[in-house]
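Enquirer: After the sequence you'll find the predicted model.
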Amino acid sequence: MKVKGFSAAAVQAGIRYKDRLDLGLIYSETPAAIGAVFTASVVKAAPVLLGRERLRSGRAQAIVVNSGNANACTGEEGMKMARAVGALTAQAVKIDEELVQVASTGVIGAQLDVTPFAAAMPKLAASLSPEGFDELARAIMTTDTVPKTASATISIDGVEVNLLACAKGAGMIMPNMATMLCFAITDANIGQPALQAAVQSGADLSFNRITVDGDTSTNDTVLCLANGAAGNPLLDENTPDTLKVFTEALHGIFKDLAKQIVRDGEGATKLVTIRVEGAATQDEAVNAARTIANSPLVKTAFFGEDANWGRIIAALGRSGAAFQPEQVAIAFDDALLVENGFGLGKEAEAAATQVLKKKEFTVTIRLGEGAAEAAMLTCDLSCDYVKINANYRS
């Protein structure tokens, strides 16, 4: 898909590895409104600190991103390098460097060498193309096994509006957000406050509802640029109906990418939805689903195809959600395994075990306390996860 007024590119810069795309660029022909969400971690990488600073203007025209080095825990030198990369980008595409957002992913604690950026930037800028987004999606991969993209086309008052996004993430995935980067572009004409609200709410319903391993990164970033090139009437608080159409499309893209991230979880063999129903409050439903989805014991049982519902109810018990154990029901897809707090026997467990053999399934936990519900996406925890992360820096 092409998005009016946008181009992208990726090159092999040799930042950490040889012979792989590792430096990408997104460029808008005109300054664009920006919406962004950054990591909730107290430890923030230099690009995140710089991005938060530049977000205050509400405008951006380019995003430059590298893989292989996170430029995190690098102090003043790291901030200097982030600004230097932004300046090189601005020079290459002839824009104000304050309009450049910088993002990085990779190893934490290693200083970033600006030399490969300086050498690769002219080629990167010269390679910009409306069809370059797929290469960009490959350039941001670290332990990802596949690139992740999603798109949508909507009609706003008869005008065609396009949205396109990519993401990376496979490990160190746990809300709030994850070791993930997401870059979205749209030619929608939308006010910056409305765009920021759509991005924030979209992240809350997607990237903040996933977990692979319970670790939050220093570099998590979601950026969305909207340059208005589609020419639709302005979307803002005064156009609630059309703004809703745009917001739902953006949320749909984010949810698609979030699902792709968990499906590609490091060493994962199963994609699992944890759904909690009948909670007293929304927060309790979310906390219960998150605690179960993030439990190593639950996740290893999924990998072993063991319908060990005791691990699920044990995780539920420490989630902070109010419930009576004798009211709990647990089902794997349509296979009811627990009712009124008691297991339903060998036949029920055998049926649940068959569900566990599937690549994708849902575990539903009913609390019987109220009407609130929430869902989290998770995956199993396999032997390969340990192997991948034991050798990540080598």
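Expert: The structure has been received and is ready for your questions. Residues are numbered from 1 along each chain as shown.
Enquirer: got a list of what the residue nearest to residue 369 when sequence neighbours are not counted touches?
Expert: Once flanking residues are discounted, residue 369 sits nearest to residue 280: 4.3 Å by CB to CB, 6 or more residues apart in numbering. Any C-beta I mention is one placed from the backbone N, CA and C, and that applies to glycine too. Neighbouring residues of residue 280 by CB atoms under 8 Å, 6 or more residues apart in numbering: 321-322, 367, 369-370, 372.
Enquirer: which of the residues you listed count as buried?
Expert: Those of these that meet the buried threshold are 321, 367, 369-370, 372, by 16 or more other CB atoms under 10 Å.
Enquirer: For the residues you listed, give me CSV that also has pLDDT.
Expert: Listed next are those as CSV, based on pLDDT from 0 to 100:
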residue, pLDDT
321, 95
367, 97
369, 96
370, 96
372, 97
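Enquirer: Just to be sure, which of those are found in strands?
Expert: Residues of the buried ones among the contacts of residue 280 located in strands (DSSP state E): residue 372.
Enquirer: closest to residue 7 among the buried ones among the contacts of residue 280?
Expert: Among these, residue 372 lies closest to residue 7 (CB to CB), at 44.4 Å.
Enquirer: For that closest one, give me its contacts.
Expert: Residue 372 makes contacts with 278-282, 284-285, as judged by CB under 8 Å, 6+ apart.
Enquirer: Run through the stretch 151-300 of the chain and note the low-pLDDT ranges.
Expert: Low-confidence segments of the stretch 151-300 of the chain (pLDDT under 70): 170-179, 212-217, 267.
Enquirer: In contact with residue 63, which residues?
Expert: Counting by CB under 8 Å, 6+ apart, residue 63 touches 25-26, 100-103, 183, 223, 225.
Enquirer: Tell me how far stretch 12-31 lies from the chain's centre.
Expert: Relative to the chain's own centre, stretch 12-31 is displaced by 19 Å; criterion: CA atoms, centre = their mean, to the nearest Å.
Enquirer: Mind listing what's buried along that stretch?
Expert: For stretch 12-31, by 16+ other CB under 10 Å, it's 12-16, 20-28, 31.
Enquirer: what's the answer for stretch 372-384, then?
Expert: 372-382.
Enquirer: In terms of distance to residue 244, which of the contacts of residue 280 ranks first?
Expert: Proximity of those to residue 244, judged by CB to CB, is greatest for residue 372, which lies at 23.0 Å.
Enquirer: Strands of the stretch 201-350 of the chain, start to end?
Expert: Per DSSP state E, counting those that start in this stretch, the stretch 201-350 of the chain carries strands over the ranges 221-226, 271-279, 329-332, 335-339, 342-343.
Enquirer: one step back: among the buried ones among the contacts of residue 280, which one lies nearest to residue 251?
Expert: Taking CB to CB as the measure, residue 251 lies nearest residue 372 of the buried ones among the contacts of residue 280, at 19.7 Å.
Enquirer: who touches residue 65 in this structure?
Expert: Per CB under 8 Å, 6+ apart, neighbours of residue 65: 23-25, 102-105, 136, 139-140, 181, 183.
Enquirer: Now restrict the residues you listed to buried residues only.
Expert: Taking 16+ other CB under 10 Å as the criterion, what is buried in those is 23-25, 102-105, 136, 139-140, 181, 183.
Enquirer: can those go into TSV with extra columns for distance to residue 74 and secondary structure?
Expert: Converted to TSV, these look like this (distance: CB to CB, whole Å; DSSP: H, G, I helix; E, B strand; the rest coil):
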residue	distance to residue 74	secondary structure
23	18	strand
24	21	strand
25	22	strand
102	13	strand
103	15	strand
104	10	strand
105	14	strand
136	24	helix
139	21	helix
140	19	coil
181	18	strand
183	22	strand
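Enquirer: Nearest to residue 316 among those?
Expert: residue 181 (32.3 Å).
Enquirer: Could you pull up the contacting residues of that closest one?
Expert: Shown in contact with residue 181 (CB under 8 Å, 6+ apart): 65, 103, 105, 140, 167-169, 219-222.
Enquirer: show me where pLDDT drops low in the stretch 1-150 of the chain?
Expert: Looking at the stretch 1-150 of the chain by pLDDT under 70, you get an empty list.
Enquirer: Going by residue numbers, what spans are strands in it?
Expert: For the stretch 1-150 of the chain, strands defined by DSSP E, counting those that start in this stretch occupy the ranges 6-11, 23-38, 59-69, 100-107, 148-156.
Enquirer: can you redo the ones you listed as CSV with distance to residue 209?
Expert: Shown next, in CSV, are these (distance: least, CB to CB, whole Å):
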stretch, distance to residue 209
strand 6-11, 28
strand 23-38, 13
strand 59-69, 24
strand 100-107, 21
strand 148-156, 16
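Enquirer: Leaving out the residues flanking it, which one is nearest to residue 354?
Expert: Nearest non-adjacent residue to residue 354 (CB to CB, 6+ apart): residue 335, at 7.3 Å.
Enquirer: Nearest to residue 305, out of the buried ones among the contacts of residue 280: which one, please.
Expert: residue 367 (25.7 Å).
Enquirer: Domain map for the chain?
Expert: Per automatic domain parsing, the domain ranges recorded for the chain read 6-263, 271-390.
Enquirer: which one of those domains has the most crowded surroundings?
Expert: Each of the domains of the chain was scored by mean neighbour count; the highest is domain 6-263, a mean of 21, by mean count of other CB atoms under 10 Å.
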